[in-house]
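J.: Got a sequence here, can you model it:
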Amino acid sequence: MTPKAVMSRVQISQRSNPPGVPRCAILNRQRGRPALSPGFGAREVKGKMGGRKSHSELRPNVVALSKQLRKRQKSLREISRELAARGHLSRSGKPFTARSVSNMLEVS
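T.: From the prediction side, this is the model:
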């Protein structure tokens, strides 16, 4: 491409898309829409937006019990056994793993 062709392409692109203004903003204005939507990942709501619910949201009583047991210097596996003995099981119907108990204690 010749230097003149490159220069004319740059001039055309600047006319149709001024520097610092995204092309989508120009098109949206032409179509009567707001110039820019809040970007990807932008949110107005504070806090958790979605995803899995935490243990404290699903079973606050189990989390409270596991914290009490942890204060008594119980290990994670002992807490898991105690929860299972009291009828608190995971979604699959099995006793909580040590990692699950750890997550309960961490997040809450």
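J.: What's the local residue count around Asn28?
T.: 15 (other Cβ atoms under 10 Å). C-betas here are computed from N, CA, C, even on glycine.
J.: which element is it on?
T.: Assigned by DSSP states H and E, Asn28 belongs to helix 23-30.
J.: And the average pLDDT for that helix is what?
T.: Averaged across helix 23-30, pLDDT comes to 73.
J.: Please identify the buried residues of that helix?
T.: By 16 or more other Cβ atoms under 10 Å, the buried positions in helix 23-30 come out as Ala25.
J.: Can you dump the C-alpha atoms of it in PDB for me?
T.: Extracted C-alpha coordinates of helix 23-30, given in PDB (Å, rounded to 0.1, in the frame of the first residue of the first chain):
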ATOM      1  CA  ARG A  23     -17.600   2.800  17.200                       C
ATOM      2  CA  CYS A  24     -20.500   1.200  19.000                       C
ATOM      3  CA  ALA A  25     -21.200   4.600  20.700                       C
ATOM      4  CA  ILE A  26     -21.500   6.300  17.300                       C
ATOM      5  CA  LEU A  27     -23.700   3.600  16.000                       C
ATOM      6  CA  ASN A  28     -25.900   3.600  19.100                       C
ATOM      7  CA  ARG A  29     -26.400   7.400  18.800                       C
ATOM      8  CA  GLN A  30     -27.400   7.000  15.200                       C
END
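J.: in the following helix or strand past that helix, what's buried?
T.: Going down the chain from helix 23-30, the next helix or strand is helix 55-58, by DSSP H and E. For helix 55-58, the neighbour count (16+ other Cβ under 10 Å) marks His55 as buried.
J.: who does helix 55-58 touch, helix- and strand-wise?
T.: Contacts defined by 3 or more Cβ pairs under 8 Å, 6 or more residues apart in numbering; DSSP states H and E place helix 55-58 against helix 60-71, helix 98-107.
J.: Could you tell me the least trusted of those helices?
T.: Among those, helix 98-107 carries the lowest mean pLDDT, at a mean of 90.
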